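Peer 1: Need the 3D shape of this:
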Amino acid sequence: MNFWQGRHIRLRGIEPSDAPYFYRWNMDSDRARHLDFVWPPTSMTQVAAWCEEQSKRKLENDAFHWVIEDEHGEPVGSISTHDCYPRGGTLSYGLDVALEHRRQGYASEAVGLVLKYYFEELRYQKVTVGVHSNNEASLRLHEKLGFQREGVFRRTAYTEGKYYDTIWFGITAEEFHEAPISRV
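Peer 2: The predicted model follows:
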């Protein structure tokens with residue numbers, strides 16, 4: 001059994017051949033608004049160079065970036081860990097599923113696999129995630145997965161001429177093991 005294989009997805013490292021997917025995903029401005037901000041246009045050459053660089057990266061400071069594939073091997077999004085703090089056992093992650101692949105359970109399964117890895121293999125004890133208040137889908141997802149709302153940073157995200165709050169969610173290893181997400 002492959003640890004990185006769920007019922008409907010598989011997580012794998014980024015390959016240079018993933019450049020067209022990331023390039024297309026980067027052209028979705030609504031997606032960018034929910035993740036961070038609307039980036040200036042990037043060239044396929046820049047995205048290809050980034051994919052090439054990512055394909056050579058190893059787990060570094062416990063951070064990694066995975067491609068989420070569906071059961072047919074088609075890339076549907078990505079998930080990456082960051083702000084990993086082994087001493088305190090905490091980390092965060094970023095998640096992105098392409099618009100045409102949303103609401104199919106891919107995000108839930110990807111989060112479940114990553115959390116299982118960090119909680120059960122790397123001895124982390126808590127994950128904290130910031131979600132912009134205008135990202136209704138991500139707010140619902142994290143509530144459904146068993147994350148607890150821990151706080152609000154008011155007016156910390158800016159897009160489309162408006163300020164939005166960042167809602168902070170957290171889940172501990174113990175909460176994870178009690179939640180349905182742990183059984184991916």
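Peer 1: Using CSV, write out the CA atom coordinates for the helix-or-strand element of the chain with minimal mean pLDDT.
Peer 2: Across the helices and strands of the chain, mean confidence by mean pLDDT, DSSP states H and E is lowest for helix 29-35: a mean of 72. The C-alpha coordinates for helix 29-35 follow below in CSV (Å, rounded to 0.1, in the frame of the first residue of the first chain):
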residue,chain,number,x,y,z
SER,A,29,-7.5,35.4,-10.9
ASP,A,30,-10.4,34.4,-8.7
ARG,A,31,-8.2,31.5,-7.4
ALA,A,32,-5.3,33.9,-6.8
ARG,A,33,-7.6,36.2,-4.8
HIS,A,34,-8.5,33.4,-2.4
LEU,A,35,-4.9,32.2,-2.0
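Peer 1: Can you name the element that comes right after that helix?
Peer 2: helix 44-55 (DSSP states H and E).
Peer 1: Show me what that following helix is packed up against.
Peer 2: Packing partners of helix 44-55 (3 or more C-beta pairs under 8 Å, 6 or more residues apart in numbering; DSSP states H and E): helix 19-26. Placement of C-beta: from N, CA and C, glycine included.
Peer 1: Enumerate the positions of the helix it packs on that are buried.
Peer 2: Buried residues in helix 19-26, defined by neighbour count with 16 or more other C-beta atoms under 10 Å: 19, 21-23, 25-26.
Peer 1: Flag the least confident of these.
Peer 2: Checking pLDDT across the buried residues of helix 19-26, the minimum falls on residue 26 at 85.
Peer 1: what about that one, distance to residue 131?
Peer 2: The spacing between residue 26 and residue 131, counted by C-beta to C-beta, to the nearest Å, is 20 Å.
Peer 1: One more: residue 78?
Peer 2: With C-beta to C-beta as the criterion, residue 78 and residue 131 are 17 Å apart.
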